[in-house]
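K.L.:
this one's structure only:
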């Protein structure tokens, strides 16, 4: 993110400024429980602040790497940091909606380590329409390393435990 964009962020959002931007790249996916072969995808993800509001808007769309008109996944949501705790941790809430009939609330925190900050989140609530996939848990990690936005998402389906679902390394897209 450029310093001009960082200067425009409300103070509450500054711990997440490393995520802000438009990102594009490739990822690899796996169906939880191994019910289908692994699959590649191409994704564009945008994380931005709208008009100084106290949240970041999150939008992502993944498509087939060759047949780009085939949409594989779409999510829209909001990342809502909370005031930092006395111990320096920054609690974060994420609200996501998917057109496949899943709505999620994830909670976690910004973690600062020797390699830099990253965001760790785990599902608190998952609501599904009657026709949605039976997703029972979601765990996510987002970080910027080497100039790339990297993430890993683990999902649990039904009574099964968490297993790797998506991982990608996305390059910044210049405006």
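P.N.:
Okay, I see it. Remember, predicted model here, so these are calculated numbers, not experimental data.
K.L.:
C-alpha only now, for contacts and for neighbours.
P.N.:
OK.
K.L.:
neighbours around the closest residue to residue 21 other than its chain neighbours, how many?
P.N.:
Distances taken as C-alpha to C-alpha, 6 or more residues apart in numbering place residue 47 nearest to residue 21, at 5.4 Å, with adjacent residues excluded. As a burial measure, residue 47 scores 21 neighbours (other C-alpha atoms under 10 Å).
K.L.:
and residue 47, what element?
P.N.:
strand 39-49 (DSSP states H and E).
K.L.:
residue with max distance from the center of this structure?
P.N.:
Residue farthest from the centre of the chain, counting by C-alpha atoms, centre = their mean, is residue 86 at 26.1 Å.
K.L.:
wait, is that residue part of a helix?
P.N.:
No. Looking at residue 86 with DSSP: H, G, I helix; E, B strand; the rest coil, it is coil, so not inside a helix.
K.L.:
just to revisit the earlier point, what's the following helix or strand after the strand holding residue 47?
P.N.:
Counting by DSSP H and E, the next helix or strand C-terminal to strand 39-49 is strand 56-63.
K.L.:
packing partners for that following strand?
P.N.:
strand 39-49, strand 71-81 (3 or more C-alpha pairs under 8 Å, 6 or more residues apart in numbering; DSSP states H and E).
K.L.:
for the ones you listed, which one sits closest to residue 161?
P.N.:
strand 39-49 (20.5 Å; C-alpha to C-alpha).
K.L.:
so what's the gap between that closest one and the chain middle?
P.N.:
Chain-centre distance of strand 39-49: 9 Å, with C-alpha atoms, centre = their mean, to the nearest Å.
K.L.:
can you check stretch 32-50 too?
P.N.:
9 Å.
K.L.:
may I have the beta-bridge partners of residue 167?
P.N.:
residue 28, residue 152 (DSSP bridges).
K.L.:
ok, now which ones touch it?
P.N.:
By C-alpha atoms under 8 Å, 6 or more residues apart in numbering, the residues touching residue 167 are 27-29, 150-153.
K.L.:
ok, residue 32 next?
P.N.:
155-157, 162-165.
K.L.:
mind running it again at 6 Å?
P.N.:
Taking C-alpha atoms under 6 Å, 6 or more residues apart in numbering, we find residue 32 in contact with residue 163.
K.L.:
and residue 123, by the same measure?
P.N.:
105-106, 137-138.
K.L.:
returning to what we had before: state the pair within the contacts of residue 167 that is farthest apart.
P.N.:
Longest span within the contacts of residue 167, C-alpha to C-alpha: 29 and 150, 13.7 Å.
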